[in-house]
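S.K.: structure of the sequence below:
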Amino acid sequence: MDERLVLREIVRYLRNDPVLFFYNFLFPTEPRYLKYPIKAYLHQIDLFSRLQIRRPIRILIGDEIGLGKTIESTVILRYLEERGETRRILILTPKILVNQWKSELRRLGVKYQSIKEITRGNVRELVKRSSKEEEESTYYIASIDLVKREEHRKVVENLDWDAIVVDEAHNAGYNTQRWHLIKELVCSEKGRERHVILLSATPHRGNVVDYLYRLYLLDPYLSEKEIKKKNLDTRKFYSLTHNSLVYRRTKELVNKIEGKKIFTNCHFYAVAVEPTREEAEFSRILESFLREKVAEVYEEGPSPAGLLAVLIKKRASSSPDAAIKTFTNILEGLSRRKPGEGVLSSYETSFYERAIENVLGLDYGDVEEIEEDFDRIVENLIEKCANILDKADEETIRTLIELANEIKRDDSKLETVVSIVEEFLKKGKKVIIFTEYKDTLNYVKLRFKKLEDKYSKGFFETISGEDKERFEEVKERFEGERCNLLIATDVASEGLNLQVASVVINYEAPWSPVKLEQRIGRVWRIGQKEDVNIYTVFMGTYADVEIMNNLYGKLLAMKEALDEVRPLLGKKVQVAYRATATASEGLWKTKGIEFTEVDIEGKKEKINEFRLILASLKGTLSKYVERLLVVLAHINEELTRKSVYPYVDPGEIKENLKNRIATLSVEEYEKASQEFCKVICKKLGVEARREEICGTRNFQRIWELICGELGLRNEKLSFKSKGLEKE
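M.R.: Residues are numbered from 1 along each chain as shown. From the prediction side, this is the model:
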């Protein structure tokens, strides 16, 4: 029997191997990505192995934040591509994740020319291209909010897609434009045959019908009548979705099946800073001013005064520079006002409320593609609301500007942040400072500029929303040896996974659990080698202490630490609360539930930063949070009682892996496969070329070498044996 024919058949079989596929087909071809090759984890291999023979693949991957959902979905897409089953793949994602997807696909071996971004300028050009004209699979990435628009939607819906991926799928709530777009793509007669992958770390948002309709997108044969009546909201039905439609893996599970601590611990500290006289006075006057405005005007519905008060509260509390810019814009708006101006129509009020709630919303994935820059929206609102403010208010604003300028000379919060950063830089750690505003980012940047002589020029980097083209450059610098501090805005940070850092400082306290989770998730994820430390800085003023006690003290799984933890940086900085999240215990009492609307006392109420800040200004934050906790307890009880999410047995996963790859050690498997490649190369007489490639650690090229020698390079993957006859 011809030895080469036997080798060819063995290699054909191994090309479908779930572990080898990770290393042989998901290897980066561009030098910039070679530093961070893919490492396969057992939970990812297990999921992939279960889906290899399923057709069509229609699933929701609901893994917790940081487990590698992007990699899990991409390995499935790449496998379908290598089998010749996909030509045209559509990835719908929040706008701010488009760049991350492009970067990840290239890191996972997809060629640069095979990745296309759908934009306003090229969306209609897609119609002219048939999928048959595309020689290789093409990955089209688009902002879901761009595609959902009427002028673009029909174009995209009418194309021949083979696979659809929806990232942050929980943002496509039932009966929204996003949901209807996805429904048309995946539930139409043609769409039912497509591969569909929904990705979400928080697939259930406390609304039963919304969740069931998310499952309907995967299985359009479910009865809509039964969904609307909630007849499917039963333990029996949900059990049928477990590990068939819905896959959910946790950090705790990953640690158990790997048999080691893949996920480190995450330590959270709420830090209280003793204010200077000027800082205390600034906070007192600001709170009094804003509460007075809200009390005067804000009734049941939204009003310009309420919107303006929330914006001022957020920006003025961020930094002296953000406060000065905000108040200066207000004064300029007042100087330009004309008689009769300053009263918003109901339409304008609704527009500004929607725009502001989107930006101050629960999840950055919810941010609509607002045409104007958000700062411009704020400025327009301030100008429109000019007549809400009178001469006495003007004097108050001027006083606040004077105090803000005084604070800049001795800013307690800024100096506390500098001290925390320096403590960790001395230990060789990398630190990220998150802020919500570009003004504050620039303010903090100037302070660290003064430390360049002490450390080195380039020891820190900054990135904001306007730096989108610099994402890769900044990430590469931060991952290098010279840069150890990154100052970033939320929008910019959303597209960056930065496991090289182990310290996160929140310059302003996030008002929502999800925003904090998103920040933490940039560093506390697979690949993180150290325990993560998270610091949120509060001023020791009445306003900040109220937020710390009512929001963080009650919603976070924290305990007071004043009586047991030493001062952090001298007597002026205390750790007021602390908490530790592990692979098995989360940080928030929300237990991973993300919700945007709850039914409180028979009334639907939105839950987001805007509403929480407003409650604070109205003096009802404590009552508001208490009601939330009652709702949360009920939702948690329902999810547990009905077993909405699947329970995954570590033993069952291990059994499946042993059957598929005969080991629970990926490292052991890699080593054996490399030895196998060595033997084959010797048999084929190309050992010297193999050793040359080994010097580059590009194992994909070794596999290509073997496949080329055996005439398999251009052959699509197949489960079927071609037999041992000569071909």
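
S.K.: all contacts plus neighbour counts: C-alpha atoms, from now on.
M.R.: Fine.

S.K.: wait, what's in contact with residue 548?
M.R.: By Cα atoms under 8 Å, 6 or more residues apart in numbering, the contact list for residue 548 reads 270, 538.

S.K.: buried ones in the strand or helix carrying residue 117?
M.R.: Per DSSP states H and E, residue 117 falls inside strand 115-118. Using 16 or more other Cα atoms under 10 Å as the test for burial, strand 115-118 gives 115, 117-118.

S.K.: which helices and strands sit right next to that strand?
M.R.: helix 98-107, strand 138-143 (3 or more Cα pairs under 8 Å, 6 or more residues apart in numbering; DSSP states H and E).

S.K.: right, so of the ones you listed, which gets closest to residue 403?
M.R.: Among the helices and strands packed on strand 115-118, helix 98-107 comes nearest to residue 403, with 40.7 Å by Cα to Cα.

S.K.: what packs against the closest one?
M.R.: Applying 3+ Cα pairs under 8 Å, 6+ apart, one finds that helix 98-107 makes contact with helix 69-82, strand 115-118, strand 138-143.

S.K.: what's the closest of those to residue 90?
M.R.: strand 138-143 (4.9 Å).

S.K.: skipping adjacent residues, who's closest to residue 578 in space?
M.R.: residue 269 (4.6 Å; Cα to Cα, 6 or more residues apart in numbering).

S.K.: isn't there a helix covering the one you found?
M.R.: No - according to DSSP: H, G, I helix; E, B strand; the rest coil, the state of residue 269 is strand, so it is not within a helix.

S.K.: distance of it from residue 95?
M.R.: Look at residue 269 and residue 95: by Cα to Cα, to the nearest Å, they are 32 Å apart.

S.K.: try residue 76
M.R.: Distance check for residue 76 against residue 95: by Cα to Cα, it reads 23 Å.

S.K.: that older thread, reformat the helices and strands packed on strand 115-118 as a markdown table; add mean neighbour count.
M.R.: Formatted as a markdown table, the helices and strands packed on strand 115-118 follow (neighbours: other Cα atoms under 10 Å):
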| stretch | mean neighbour count |
| --- | --- |
| helix 98-107 | 19 |
| strand 138-143 | 22 |
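
S.K.: right, and the ones you listed - which one's nearest residue 44?
M.R.: Comparing the helices and strands packed on strand 115-118 under Cα to Cα, the one sitting nearest is helix 98-107, at 16.0 Å.

S.K.: what inclination does that closest one have with respect to strand 138-143?
M.R.: 160 degrees (axes from the mean of the first three to the mean of the last three Cα atoms, to 10 degrees).

S.K.: kindly state the domain boundaries assigned to the protein.
M.R.: 1-25+667-727, 41-248+645-660, 266-273+410-589, 283-405 (automatic domain parsing).

S.K.: which stretch in those has the least confidence?
M.R.: Among these, domain 283-405 has the lowest mean pLDDT, at a mean of 74.

S.K.: quick one: end-to-end length of that domain, please.
M.R.: Using Cα to Cα, the end-to-end distance of domain 283-405 comes out at 14 Å.

S.K.: just say helix, strand or coil for residue 509.
M.R.: coil.

S.K.: next one: the one 10 residues further on
M.R.: Of the three states, residue 519 takes helix according to three-state DSSP.

S.K.: I figured residue 690 hits residue 678, correct?
M.R.: Yes - counting by Cα atoms under 8 Å, residue 678 is a contact partner of residue 690 at 7.4 Å.

S.K.: helices of the stretch 1-150 of the chain, residue ranges please.
M.R.: Using DSSP state H, counting those that start in this stretch, the helices of the stretch 1-150 of the chain run over residues 3-14, 18-25, 42-51, 69-82, 98-107, 144-147, 150-157.

S.K.: could I get those in CSV, plus columns for distance to residue 219?
M.R.: Formatted as CSV, the helices of the stretch 1-150 of the chain follow (distance: least, Cα to Cα, whole Å):
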stretch, distance to residue 219
helix 3-14, 32
helix 18-25, 26
helix 42-51, 16
helix 69-82, 18
helix 98-107, 26
helix 144-147, 21
helix 150-157, 19
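
S.K.: tell me which of those lies nearest to residue 717.
M.R.: Comparing the helices of the stretch 1-150 of the chain against residue 717 with Cα to Cα, the closest turns out to be helix 69-82 (5.9 Å).

S.K.: which strands and helices lie in contact with the closest one?
M.R.: helix 18-25, helix 42-51, helix 98-107.

S.K.: show me how far the second one is from its chain's centre.
M.R.: Translated: helix 42-51. 22 Å (Cα atoms, centre = their mean, to the nearest Å).

S.K.: likewise the first one?
M.R.: Chain-centre distance of helix 18-25: 26 Å, with Cα atoms, centre = their mean.

S.K.: now swap in stretch 542-553 and tell me
M.R.: Taking mean C-alpha positions (Cα atoms, centre = their mean), stretch 542-553 and its chain are 26 Å apart.

S.K.: now do stretch 510-518
M.R.: That offset, for stretch 510-518, works out to 11 Å (Cα atoms, centre = their mean).

S.K.: ditto for stretch 461-478
M.R.: Distance, centroid of stretch 461-478 to centroid of chain: 17 Å (Cα atoms, centre = their mean).

S.K.: begin at 51, not 1, for the rest of this chat.
M.R.: Renumbered: residue one is now 51, and that last one reads stretch 511-528.

S.K.: quick one: buried residues of it?
M.R.: For stretch 511-528, by 16+ other Cα under 10 Å, it's 511-515, 521, 524-525, 527-528.

S.K.: same check, this time on stretch 582-602
M.R.: In stretch 582-602, counting by 16+ other Cα under 10 Å, buried: 582-591, 593-598, 600-602.

S.K.: end to end, how far does it reach?
M.R.: 19 Å.

S.K.: same thing with stretch 758-768?
M.R.: Between the opening and closing residues of stretch 758-768 there is a gap of 17 Å (Cα to Cα).

S.K.: buried ones in it?
M.R.: Within stretch 758-768, the residues scored as buried using 16+ other Cα under 10 Å are 759-760, 762, 767.

S.K.: equivalent analysis for stretch 378-386, please.
M.R.: 379-381, 383-384.

S.K.: which residue ranges of the stretch 201-350 of the chain form strands?
M.R.: Listed in chain order, the strands of the stretch 201-350 of the chain (DSSP state E, counting those that start in this stretch) span 213-216, 245-249, 296-297, 316-323.

S.K.: that's all I had, so thanks and see you.
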